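Novice: would you be able to build a 3D model of this:
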Amino acid sequence: MIKVRDLGLKAIELIELYGENLVVENMPGVAQTMEKGDFLIVYTTPFSGAESLPGSRSYMIDIWYKNKKVFSEYFKNLEDLYNCHRSKRSEWTKHLLSLS
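Specialist: This is a model prediction of the structure:
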């Protein structure tokens, strides 16, 4: 089992390395996105102007694997992510962590 914290931090790392700005229709602000292999990652921060939910600015990480949404996390600050002790068990988690 892989901790949600580790998956989120890996997604943020990949966005920092390979991410591009993405303007989404009907969503204010800008998200960052990254495609690599079978993965698509979308990341927003409260500072990007993007509203992850209507009227709400927070951190958001969405991950698609083979065109299926497999991960979606919202958190108010990075400390919430660091303190998340939930885990996921799925084949895609190992593939994500192996990306560089």
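Novice: for the rest of this, base every contact and every neighbour count on C-alpha atoms.
Specialist: OK.
Novice: the chain: strands as residue ranges?
Specialist: For the chain, the strands defined by DSSP state E cover 2-3, 20-22, 31-36, 39-44, 59-65, 68-75, 87-88.
Novice: tell me the most buried of these?
Specialist: Neighbour counts (mean count of other CA atoms under 10 Å) averaged over each of the strands of the chain peak at strand 39-44, with a mean of 22.
Novice: so what secondary structure elements neighbour that strand?
Specialist: Helices and strands touching strand 39-44, by 3 or more CA pairs under 8 Å, 6 or more residues apart in numbering; DSSP states H and E, are helix 4-18, strand 31-36, strand 59-65.
Novice: what about the residue most central in space within the chain, distance to Val42?
Specialist: Nearest to the geometric centre of the chain sits Ile61, at 2.2 Å (CA atoms, centre = their mean). According to CA to CA, to the nearest Å, Ile61 and Val42 sit 6 Å apart.
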